[in-house]
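[1] Give me a 3D structure for the following:
(2 chains)
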Amino acid sequence: MNSLNRVVIFGVTSAIAEQTARQLVQNGASIYCIGRNPDKLNRILADLKVRAGSDQTIAGVSADLTDTHQHLALIEQANEALGGLDAALIAHGTLPDQKACEADVTLTLQEIETNALSVVSLLSLLANQFEAQGKGVIAAISSVAGDRGRQSNYVYGAAKGMVSLFMQGLRNRLASKGVSVVTIKPGFVDSPMTASFDKSGPLWAKPEMVAKGIVNAMQKGKGEVYLPWFWYIVMQIIKHIPEAIFKRLSL
Amino acid sequence: MSQLLSWNRLPQCSPDKIYTLTEHAIPGLAHAPHPLLAYGNGRSYGDVCLNDRGTLLHTCALDRFISFDRTSGVLRCESGVTLQSILQLVVPHGWFLASTPGTQYATIGGALANDVHGKNHHAHGSFGNHVRAFELIRSTGEVLLCRPDQNAEMFRATIAGLGLTGLLSWVEIQLMPVNNPWMWVEAQRFSNLEHFWQLNKEAEQHWPYTVAWIDCLASGNSQGRGILFTGKHAANQTHLPSYKARSKRVPFDPPISLVNRLSLRSFNALYYRQPLKPQGSLCHYAPYFYPLDAIQDWNRIYGHKGFYQYQCVLPPEVASEATAQLLDAIAQSGQGSFLAVLKTFGTQESVGLLSFARPGTTLALDFPNLGNKTLQLFHRLDAIVSEAGGALYPAKDARMPASLFQSGFPNWERFSDFIDPAFSSHFWRRVTL
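    Modelled structure (predicted):
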């Protein structure tokens, strides 16, 4: 079991990350939160402080995580505020408008920067610290969309695919060093990020359920987790459809 | 669009758009269909939370606490926080909601907008009596901080204002101190209505919580027989019992309502004869206040056609006579419910212009939706309530005629001056025709 007493969360303003933060706080953790929107970040910090006990530290700072030059400083601030780190959760991201990306390559690159490159930067820096301390959990929210490119959202899929693959290598590198690298692959999550979707189907999960799975996976140091679990089966099928057939499907 | 219905699944009408709120603001919805209406957790029984052809502003993501003073018991949180979350936070610190409805899945915004009441109304008034402040966002861009002494008129219009005065971003309430999560509960059987009035009068003087279950199908000498449950927050305990929440789920919609004449008669006859502990016992607050919450999706037992709740209040002078008339009409129709609840309200004045709770007696019943047959029964019940000078509870209503609403809530015209120009609901359009 990994200890999750001091956790830094990047992108805490995402619904999944916020719910994860609440559950960690409920388990007694101290949390350092980083989010882009200062107003929303402050509301989340106030909420977590109300939920936390008097011996827990709840702190944070607002930052734009696409600015990778800041990453090292942010990690240092988190270490300082919490007196070291047991775990990190990287959860920031956007859901690009695929059609808009197709029409605008700058937008495509920007989305890849946000959803992939900034994550790679954080992963690399955290990996070195955790490797040196010989323990810890690095988790990041990837997506089932990263398992196979589909016409409806391959910009997002490609970015998440990069995150998943990068983490796979990192896990391999750190496995012998006592560091868990946890790739979270949520399916459809009923959150403000997906506000414009029809959520009547049975595939939609609540952020708090996904958060529960994340905390569990971080504690147990799992490798790749699909949340909810049935996405593992769905994605096994999708991954195994031969490309000759897949390319004709409208997915 | 996913469906957002009310708890009784009636009426079935969908908004054109559902918008999940994430900020303390009414979003720029220039292209969204109007009117607007906030939707919390869909626990009311009717259309006060519905808005056909408009936009529902879902408050489920406005679920954050803002502050909690553990010494004074003042809690401030966003409007989409459920009563369950509040209790989970505050009970371990020795605080409790000063007024709570029969479900903890309602949001604090919904509790305020319907000025809900609980089994302790005779002692502590309704939910609105414990609201210290709230922030109201108007579609005009105004943000109003409302307290009893600040924007006082808007304060009184918004409490029980059915969400029509704008969007609540946060609410601040005063909690009530308790010793622990447990209740001390006693139960007594009564053999008819007359017996109930006697017992109830006595009980109200000694117990902060009283409520009676009645067998709405019993007639003749045993008309109105039932069980009076009285309770109070438990005293300090040196050995608290252990409590484990159990939750079951109704897994699917049965093809017909499981509540029917046959099941009802046997249930009521058995329930009336359940073994009681007249000497009293400890009961955890969750099964005491929220027995139905233990069965997730219990509304499904009524089948896909849904059900109606009929809750009225009758003025004290005529309460006993009118209650008997209502029970007569119900017993004759053979329709009725597991849940038939009788309770007297106290004299504490409600805050809201449209508050339902007022001195008198309230009777609440669930009826499976049998179409016309049920509506005809309601028609007869309406006549009795109207004759008695009573009112129906908007939070539990899916069908009352406009005339009954207007006679029951004489402030409705004054209230309408406070409605946000961009807000409306299916309920409001129905009762102000």
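
[2] List the contacts of B:L326.
    Each residue near B:L326 by Cβ atoms under 8 Å, 6 or more residues apart in numbering or on different chains is listed here: B:312, B:363, B:381, B:384-385. Bear in mind the C-beta positions are built from the backbone N, C-alpha and C, glycine included.

[3] right, and the helix or strand after the host helix or strand of it?
    Secondary structure from DSSP states H and E places B:L326 in helix B:319-333. Scanning forward in sequence from helix B:319-333 by DSSP H and E, the next helix or strand is strand B:340-345.

[4] what lines up beside that following strand in the sheet?
    Strand B:340-345 has its sheet partners listed here by DSSP bridges as strand B:209-214 (antiparallel), strand B:360-368 (antiparallel).

[5] mind putting these in CSV, mean neighbour count included?
    Shown next, in CSV, are those (neighbours: other Cβ atoms under 10 Å in any protein chain shown):
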stretch, mean neighbour count
strand B:209-214, 24
strand B:360-368, 23
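
[6] could the ones you listed be laid out in TSV, adding mean pLDDT?
    Below are the strands paired with strand B:340-345 laid out as TSV (pLDDT from 0 to 100):
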stretch	mean pLDDT
strand B:209-214	96
strand B:360-368	95
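
[7] was I right about B:P287 contacting B:A294?
    Yes. Assessed by Cβ atoms under 8 Å, B:P287 is found in contact with B:A294 at 6.5 Å.

[8] Which neighbouring elements make contact with the longest helix along chain B?
    Ranked by residue count and defined by DSSP state H, the top helix of chain B is helix B:372-388. Contacts defined by 3 or more Cβ pairs under 8 Å, 6 or more residues apart in numbering or on different chains; DSSP states H and E place helix B:372-388 against strand B:307-314, helix B:319-333, strand B:360-368, strand B:391-392, helix B:402-408.

[9] Within range of chain A, give me the residues from the stretch 1-150 of chain B.
    B:1-3, B:19-20, B:22-23, B:61, B:64-68, B:78, B:89 (Cβ under 8 Å from any Cβ of the partner chain).

[10] want to try JSON lines for the helices and strands packed on helix B:372-388, with distance to A:R150 as columns?
    Below are those laid out as JSON lines (distance: least, Cβ to Cβ, whole Å):
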{"stretch": "strand B:307-314", "distance to A:R150": "43"}
{"stretch": "helix B:319-333", "distance to A:R150": "57"}
{"stretch": "strand B:360-368", "distance to A:R150": "46"}
{"stretch": "strand B:391-392", "distance to A:R150": "52"}
{"stretch": "helix B:402-408", "distance to A:R150": "52"}
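
[11] Does B:G352 belong to a helix, a strand or coil?
    Under DSSP: H, G, I helix; E, B strand; the rest coil, the three-state class of B:G352 is coil.

[12] so which helix or strand takes in A:T106?
    Per DSSP H and E: helix A:105-112 holds A:T106.

[13] Which residues does that helix contact?
    A:66, A:94, A:96, A:100-102, A:155-156, A:158-159, A:162.

[14] and those, which are buried?
    Applying 16 or more other Cβ atoms under 10 Å in any protein chain shown to the contacts of helix A:105-112, the neighbour count classes A:66, A:96, A:101, A:155-156, A:158-159, A:162 as buried.

[15] Going by distance to chain B, which of the residues you listed wins?
    A:P96 (18.6 Å; Cβ to the nearest Cβ).

[16] which is the next helix or strand following the longest helix seen in chain A?
    Using DSSP H, we find that the single longest helix of chain A is helix A:154-174. Per DSSP H and E, the first helix or strand lying C-terminal to helix A:154-174 is strand A:179-186.

[17] What lies in contact with the longest helix of chain B?
    Contacts of helix B:372-388 (Cβ under 8 Å, 6+ apart): B:308, B:310, B:312, B:314-315, B:318-319, B:321-322, B:325-326, B:329-330, B:333, B:335, B:367-368, B:391-392, B:399-401, B:403-404, B:407-408.

[18] Send me it as CSV with only the CA atoms.
    In CSV, the C-alpha atoms belonging to helix B:372-388 read as follows (Å, rounded to 0.1, in the frame of the first residue of the first chain):
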residue,chain,number,x,y,z
ASN,B,372,-58.2,9.8,-14.6
LYS,B,373,-59.3,7.7,-11.6
THR,B,374,-56.6,9.4,-9.5
LEU,B,375,-57.3,12.8,-10.8
GLN,B,376,-61.0,12.5,-10.0
LEU,B,377,-60.1,11.6,-6.5
PHE,B,378,-57.9,14.7,-6.3
HIS,B,379,-60.8,16.7,-7.5
ARG,B,380,-62.9,15.6,-4.6
LEU,B,381,-60.0,16.2,-2.2
ASP,B,382,-59.4,19.7,-3.6
ALA,B,383,-63.0,20.6,-2.9
ILE,B,384,-62.6,19.6,0.8
VAL,B,385,-59.3,21.5,1.1
SER,B,386,-60.6,24.5,-0.6
GLU,B,387,-63.8,24.5,1.5
ALA,B,388,-61.7,24.3,4.6
